[in-house]
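> A structural model of the following input is requested.
(one chain, ligands or ions: 3)
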Amino acid sequence: MILELDCGNSFIKWRVLGASAGIAVGEGVVDSDLALLESLNAIERLSLTYCRLVSVRTTEETGALTSLLTSAYGISVVCTAPSRKMSGVRNGYEEYERLGLDRWLAMLGGFHLASGACLVLDFGTAVTADFIDRDGEHLGGFICPGMPLMRNQLRTHTRNIRYGDIAAERALESFAPGRTTVEAVERGCSLMLRGFVLTQLEMARSYWGEDFVVFLTGGDAGLVSGVVPEARVVPDLVFVGLAMACPLI
Ligand SMILES: Nc1ncnc2c1ncn2[C@@H]1O[C@H](COP(=O)(O)OP(=O)(O)OP(=O)(O)O)[C@@H](O)[C@H]1O
Ligand SMILES: CC(C)(CO)[C@@H](O)C(=O)NCCC(=O)O
Ligand SMILES: [K+]
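Ligands and ions are numbered 1, 2, ... in the order given. Prediction:
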């Protein structure tokens, strides 16, 4: 069984692939290393042979998780490393090693699935956009605050914006102008993300006409999917790229 991990800034996305490759025997989202071990230990007849991961955390944090996994399961852990070019995609950053590895893997996955130009949009703690042309050239991208950061900035820097998670979820049943604080904030921030998406689409069209595929991924992709009905929502896009960057020997 293969353990796959996507260690983001707020959460760790994990999945375990069974011996017959490709079939997930378990998957989830956890907020700490220990919660990950608990989830894994709850899997019946767990027998891990290999772990591959991508992390946008510090070397120390990633190292701590790798040691934990090695000592708990005796498996070797392979971490995604930065690369100038891979699977037909060329990293467009001036310093290629500075491009977030989660972005890089989502790009590899997107270009592979599209077999052509694509726009990859990821809605996590941060929101990212990346443009890859039909020749696999990464033109660059954009980074902006995601829903959790926008929400928390408002909460932190105002005195009268306070509400709970359940109210937040309910507020998103519509996008009409809000008549409560929670509606006003949740809908306002979602509309900012939707506006961002539309701008990215405009830019992609200016480069490629209609000849490109849009990918949506990340925990909050559902907030914007309504404005791009033609987009492919691929929650595991990073894992698609992970398998390409860290194949079994
Ligand atoms: N099952 C889930 N577990 C956790 N968060 C979820 C889930 N479904 C949707 N979300 C939402 O997804 C967002 C987090 O996105 P995601 O997990 O893709 O990124 P992250 O790990 O926080 O950060 P990064 O951008 O570094 O990957 C949060 O706003 C959260 O509310
Ligand atoms: C932008 C995030 C936080 C998205 O998870 C991550 O890809 C990251 O830390 N990137 C490094 C900075 C960059 O990509 O330019
Ligand atoms: K991510």
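> going forward, measure contacts and count neighbours with C-alpha atoms only.
Fine.
> and the residue of this structure closest to ligand 2?
G100 (3.3 Å; Cα to the nearest ligand atom).
> up against ligand 2, what does this protein have?
By the rule Cα under 6 Å from any ligand atom, the part of the chain lying against ligand 2 is 8, 56, 98-103, 126, 143.
> the residue most central in space within the chain and T80: what is the separation?
Compute the mean C-alpha point of the chain, and by Cα atoms, centre = their mean the closest residue is G218, 4.0 Å away. Distance, G218 to T80, by Cα to Cα, to the nearest Å: 18 Å.
> do the longest helix seen in the chain and ligand 1 meet?
The longest helix of the chain (DSSP state H) is helix 181-208. No - residues of helix 181-208 are not located near ligand 1 by Cα under 6 Å from any ligand atom, the shortest gap being 11.0 Å.
> tell me which residues in that helix are buried?
By neighbour count with 16 or more other Cα atoms under 10 Å, helix 181-208 contains the buried residues 182-190, 193-194, 197, 200-201, 204.
> for these, work out which two are farthest apart.
Using Cα to Cα, those reach their maximum pairwise distance at V182 and A204, which is 33.1 Å.
> give me the low-pLDDT residue ranges for the chain?
Counting by pLDDT under 70, the chain contains low-confidence residues at 21, 249.
> alpha carbons of stretch 174-194, as CSV, please.
Written as CSV, here are the backbone C-alpha positions of stretch 174-194 (Å, rounded to 0.1, in the frame of the first residue of the first chain):
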residue,chain,number,x,y,z
SER,A,174,-27.3,32.2,-2.1
PHE,A,175,-25.3,35.2,-3.4
ALA,A,176,-27.9,37.9,-2.9
PRO,A,177,-26.7,41.0,-1.0
GLY,A,178,-26.3,40.0,2.7
ARG,A,179,-28.7,41.0,5.3
THR,A,180,-26.6,39.7,8.2
THR,A,181,-22.9,40.1,8.9
VAL,A,182,-22.2,36.5,8.2
GLU,A,183,-24.0,36.6,4.8
ALA,A,184,-22.3,39.9,3.9
VAL,A,185,-18.8,38.6,4.7
GLU,A,186,-19.1,35.0,3.3
ARG,A,187,-20.8,36.1,0.1
GLY,A,188,-18.6,39.1,-0.3
CYS,A,189,-15.4,37.0,0.0
SER,A,190,-16.8,34.3,-2.3
LEU,A,191,-17.6,36.9,-4.9
MET,A,192,-14.1,38.2,-4.7
LEU,A,193,-12.9,34.7,-5.5
ARG,A,194,-15.4,34.4,-8.4
